[in-house]
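Student: Pasted the sequence and its predicted model underneath.
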Amino acid sequence: MSLYIIATPIGNLEDITLRAIRILKEVDLVLCEDTRETRKLLNHYEIKTMTQSYHAQSKLSKIDSIIAMLADGRNIALVSDAGTPAVSDPGSLLVKKVREELPEMPILSVPGPSALTSAFSTSGIVGGEFTFLGFLPHKKGRETLFKEIAASERPYIFYESPHRIMKTLESLVKFAPARQVQVAKEITKIFEQYVLGTPAEVLEYFTKNSDRVRGEFVVIVYNK
């Protein structure tokens, strides 16, 4: 019995490991953020394993039932809609609870795609040190974070939605105007794109190309 944390494609369905496909076929249950999204991937690889939803709005009773299944000897896989589960993702709470309730339970990573590492690998930043912020808070604490980013010597990476990317760039223009910024969007998908420049230059680009303000974004603020 094990809980497998399985990375799945962030866009291109070919970006999945042979081990991930094998384990998704072998486990008793696949926990998904959205079963409809995960079923597209499973159908593509002819994986018939039963699925069940587990997401940010799931009640604690859902976690209790998952823990009970693991304790009963079931093998369970956890996936997110895209990328590596439990990284800026509700799966982290499940992992925490399983560790608390079943300390002897093997929790095994099946590594693969991650928007974070994919974006960083294209940045050209020398050295592996950076600070990852996940998704920035919608309101409270945002200005404090931008001030922290501006004052820091190290690179910062965070995720942003299409609804807030323009406001984020405006904040970077205000607080960190001299820093280089790379915005990566739709990584591995048809409209994959990387825009590099000062915050003002990147903001100007997306202002002039408003049709590109779609999809999920990874923002890298380079070190000084």
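Tutor: Great, that's in hand.
Student: Make sure residue 30 is indeed in a helix.
Tutor: No: looking at residue 30 with DSSP: H, G, I helix; E, B strand; the rest coil, it is strand, so not inside a helix.
Student: Tell me how many other residues crowd it.
Tutor: Residue 30 has 26 neighbouring residues, counting by other CB atoms under 10 Å. The way it works is simple: take the backbone N, C-alpha and C, and place the C-beta from them, glycine included.
Student: contacting residues around the closest residue to residue 131 other than its chain neighbours?
Tutor: Distances taken as CB to CB, 6 or more residues apart in numbering put residue 156 closest to residue 131, at 5.1 Å, once the chain neighbours are dropped. Listed by CB atoms under 8 Å, 6 or more residues apart in numbering, the contact partners of residue 156 are 130, 131, 132, 133, 149, 220, 221.
Student: Show the backbone phi and psi for residue 156.
Tutor: Phi and psi for residue 156, reported as degrees, to the nearest 10, are phi -120, psi 140.
Student: who's it bridged to?
Tutor: residue 131, residue 221 (DSSP bridges).
Student: Can you tell me how far it is from residue 211?
Tutor: 27 Å (CB to CB, to the nearest Å).
Student: Let me see the domain layout of this protein.
Tutor: Structural domains assigned to the chain are 3-110, 115-221, following automatic domain parsing.
Student: Any chance of TSV for the ones you listed, columns mean pLDDT?
Tutor: Listed next are the domains of the chain as TSV, based on pLDDT from 0 to 100:
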stretch	mean pLDDT
domain 3-110	94
domain 115-221	95
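Student: Tell me the residue in the protein that is farthest from the middle.
Tutor: residue 72 (30.2 Å; CA atoms, centre = their mean).
Student: Run through the residues that contact that one.
Tutor: With CB under 8 Å, 6+ apart, residue 72 has no contacts at all.
Student: who's in contact with residue 77?
Tutor: 3, 4, 6, 23, 24, 27, 29, 30, 31, 49, 110.
Student: chain center to the helix or strand encompassing it, what's the gap?
Tutor: Here residue 77 is covered by strand 76-78, with elements defined by DSSP states H and E. Computed by CA atoms, centre = their mean, to the nearest Å, the chain-centroid distance of strand 76-78 equals 17 Å.
Student: Which of the helices or strands spans the nearest residue to residue 9 once chain neighbours are set aside?
Tutor: Using CB to CB, 6+ apart and skipping residues adjacent in sequence, the residue nearest residue 9 is residue 15, 4.3 Å away. Applying DSSP H and E as the criterion places residue 15 outside every helix and strand.
Student: so how many other residues sit close to residue 37?
Tutor: 14.
Student: Is it correct that it is in contact with residue 79?
Tutor: No: counting by CB atoms under 8 Å, residue 37 stays clear of residue 79, with 9.3 Å between them.
Student: residues touching residue 64, list them.
Tutor: Residue 64 neighbours (CB under 8 Å, 6+ apart): none.
Student: Could you check how far it is from residue 99?
Tutor: 15 Å.
Student: Relative to residue 182, how far out is the closest residue to residue 165 other than its chain neighbours?
Tutor: Distances taken as CB to CB, 6+ apart place residue 217 nearest to residue 165, at 5.2 Å, with adjacent residues excluded. Plainly put, residue 217 is 10 Å away from residue 182 if you go by CB to CB.
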